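Trainee: Next comes the sequence, and after it the predicted model I'd like to discuss.
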Amino acid sequence: VAEAGGPAEAAVLLDSLERENAVLRQQLDRCVARERAVKTDMEDLRAQLDERERIACHQRDAESASVAAAVQRQGEMAEAVAAKLEVLRGENDSQDQRLAAFRAQVAATQADVEAVVGELERLQHYVL
């Protein structure tokens, strides 16, 4: 190329190529800088995602533990209520037995009173 146009034309061509090379180097530097920025952003996003997943996992574990504790408390309360109900049933049965015995005593006393009244009436008829 230098032979066809001479040294001046070669110098102009060389100068043009150097400017184009400088522009291409600047573009390459900007692309490399953008790539680094994108990689940094991607690493930051990955770190944020990992942190969110860690927090979510911790929250799920805490919620599971809370639910398990609530279920255990409910179970313990149910057992306590069942035990109290059994005690109350026993007390009710005992009261029912005492009531039946009392009714039997009342019936027996009433029969005794009626027998005494009957004897008094016979005695009254006898005396009169």
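Mentor: Nice, thanks for sending it over.

Trainee: Now do residue 10: how many residues are near it, please.
Mentor: Residue 10 is flanked by 14 other residues according to other CB atoms under 10 Å. Glycine gets a C-beta too; all of them are placed from N, C-alpha and C.

Trainee: Point out the other helices and strands that the helix or strand harbouring it packs with.
Mentor: Using DSSP states H and E, residue 10 maps to helix 2-127. Contacts defined by 3 or more CB pairs under 8 Å, 6 or more residues apart in numbering; DSSP states H and E place helix 2-127 against no helix or strand at all.

Trainee: quick thing: my sequence starts at 36, can you match it?
Mentor: Okay, using 36 as the starting number, the last item reads as helix 37-162.

Trainee: That helix: how far from the chain's middle?
Mentor: Computed by CA atoms, centre = their mean, to the nearest Å, the separation of helix 37-162 from the middle of its chain amounts to 0 Å.

Trainee: for stretch 156-163, same thing?
Mentor: With CA atoms, centre = their mean, you get 86 Å for stretch 156-163.

Trainee: what's in contact with it?
Mentor: Stretch 156-163 has contacts (CB atoms under 8 Å, 6 or more residues apart in numbering) with no other residue.

Trainee: Output it as CSV - backbone C-alpha positions only.
Mentor: Output in CSV follows, covering the C-alpha atoms of stretch 156-163 (Å, rounded to 0.1, in the frame of the first residue of the first chain):
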residue,chain,number,x,y,z
GLU,A,156,-105.2,-44.8,112.4
ARG,A,157,-106.0,-48.4,113.5
LEU,A,158,-105.2,-47.4,117.1
GLN,A,159,-107.5,-44.4,116.8
HIS,A,160,-110.3,-46.6,115.4
TYR,A,161,-109.7,-49.1,118.2
VAL,A,162,-109.7,-46.4,120.8
LEU,A,163,-112.8,-44.7,119.5
